[in-house]
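Colleague: give me coordinates for this.
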Amino acid sequence: MGLESRFGDNILTTVADKFINWGRKNSLWPLTFGTACCGIELMSTIASRYDISRFGAEVIRFSPRQADLLVVAGRIVIKMGPVLKKIYDQMLEPKWVMALGACATSGGVFDTYGVIQGIDQFIPVDIYVPGCPPRPEDILNGLLKLQKKIERDTVLYRER
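Modeller: Below you'll find the predicted structure:
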């Protein structure tokens, strides 16, 4: 069932969606959860050469209550899983998650009992950025794809 048949063609919500999503996609406040080498690539993406701020994601937050984008970069071990879930739960809606690198997306080369084989086992992931580690260009491309996904969200219904 499509969104049109669920909520009807309402010009008010359509126009509101357009402006609200424009603001949301151009003012993402990321919370970085870097545990390995992907965090270093994320730092270079934030720095002046690649300048993630030109895409509206410059306000890096270190509190989950002030962030709306959780960037998980690196491997997550079993003991960190509940901590990551708690951080995700503390974020206010709407919130998005970016899995950065092979370790966060699928466990990477660490196919052991102690490493989680993808963070999507604990929290829902909106965008996957592959690589070991992903280059800053790939991180920016992932951010642009996430922004396109945010444009398609509606105020009444959020696609997960």
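
Colleague: next, count neighbours for residue 99.
Modeller: By the measure other C-beta atoms under 10 Å, the count of residues near residue 99 is 26. The C-beta positions use only the backbone N, C-alpha and C, and glycine is treated the same way.

Colleague: and for the one 5 residues further on?
Modeller: Residues lying near residue 104 (other C-beta under 10 Å) number 32.

Colleague: which residues are in contact with the nearest residue to it once chain neighbours are set aside?
Modeller: Beyond its immediate neighbours in the sequence, the residue positioned closest to residue 104 (C-beta to C-beta, 6 or more residues apart in numbering) is residue 72, lying 4.6 Å away. The neighbourhood of residue 72, defined by C-beta atoms under 8 Å, 6 or more residues apart in numbering, consists of 33, 84, 97-100, 104, 119.

Colleague: so of the residues you listed, which ones are in strands?
Modeller: For the contacts of residue 72, the ones inside strands are 33, 97-100, with DSSP state E as the criterion.

Colleague: most surrounded residue in those residues?
Modeller: Of the ones in strands among the contacts of residue 72, residue 100 is surrounded by the most neighbours, 32 neighbours in total, counting by other C-beta under 10 Å.

Colleague: with distance to residue 135 added, can I get the ones in strands among the contacts of residue 72 in JSON lines?
Modeller: Written out in JSON lines, the entries for the ones in strands among the contacts of residue 72 read as follows (distance: C-beta to C-beta, whole Å):
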{"residue": "33", "distance to residue 135": "20"}
{"residue": "97", "distance to residue 135": "20"}
{"residue": "98", "distance to residue 135": "15"}
{"residue": "99", "distance to residue 135": "16"}
{"residue": "100", "distance to residue 135": "11"}
